[in-house]
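In: Okay, here's the prediction I keep looking at, along with the sequence it came from:
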Amino acid sequence: MRVLHAVSYVAYITREIVKGSWDVVRDTVTSGVDSTPAIVEMPLRCRSDLEVTALASSITITPGTLVLGTADAAEGTAPVLFVHSMYGRSRDEILAGLRDMEDRLLRVTRGRVERGEAS
C-alpha cells in the first residue's frame with residue numbers, strides 16, 4: 001500500500017509544482033497584486049531526519065514556498081520548520097496547505113496517519 005501512497009505523493013507534488021509555477025508566472029506577468037508574502041512557524045509531526053528532510057525538500061521545490069530554517073526538537077517539543085509563502089490569505093490557510101502536504105508524506109513513510117495525531 002505504501003507504494004500507492006508514494007505514487008500518489010509524486011503526483012500531488014507534481015500538481016503543486018505546476019500550480020505554483022502558474023501562480024508565480026501569472027504574478028510576474030501581471031501587476032503582482034496577488035502576492036501576500038508571509039513567514040509561518042510550523043510544528044511538525046515528522047520525527048525522523050528522512051521525514052523532515054523530505055517535507056522540507058517538497059516545500060522548497062514548490063514554487064512560491066521556501067523553507068527558511070529548522071529547529072530541532074527540544075525535550076518534549078516537536079521539530080519546527082520556518083516557511084516563507086508568497087501566496088496565502090492567512091496563517092491558517094498557509095498552515096492548512098502545509099499540513100496537507102505533511103499528511104500525504106507521512107502516509108508514504110508510516111502508512112496510515114490520523115489527522116488528529118498529536119504534534
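Out: Good, I have the coordinates. Numbers count the residues shown, from 1 in each chain.

In: CA atoms for contacts and neighbours, from now on please.
Out: OK.

In: Helix, strand, or coil at the residue most central in space within the chain?
Out: The centroid of the chain falls nearest to residue 98 when counting by C-alpha atoms, centre = their mean (3.6 Å). Judged by DSSP: H, G, I helix; E, B strand; the rest coil, the three-state class of residue 98 is helix.

In: how much space between it and residue 30?
Out: For residue 98, the distance to residue 30 equals 26 Å [C-alpha to C-alpha, to the nearest Å].

In: hang on, the earlier thing: can you pull the contacts of the residue nearest to the centre of the chain?
Out: residue 59 (C-alpha atoms under 8 Å, 6 or more residues apart in numbering).

In: quick one: it from residue 111, how far?
Out: Taking C-alpha to C-alpha, one finds residue 98 at 19 Å from residue 111.

In: Same check on residue 99?
Out: 16 Å.

In: hang on, residue 66 is in a strand, isn't it?
Out: Yes: under three-state DSSP, residue 66 sits within a strand.

In: how about the longest helix along the chain: buried residues?
Out: What stands out as the longest helix in the chain, according to DSSP state H, is helix 2-29. For helix 2-29, burial by neighbour count (16 or more other C-alpha atoms under 10 Å) applies to 5-6, 8-9, 13, 16-17, 20, 23-24.

In: Those residues into CSV, with extra columns for distance to residue 72?
Out: Output for the buried residues of helix 2-29, formatted as CSV (distance: C-alpha to C-alpha, whole Å):
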residue, distance to residue 72
5, 27
6, 26
8, 29
9, 25
13, 25
16, 27
17, 27
20, 28
23, 32
24, 31
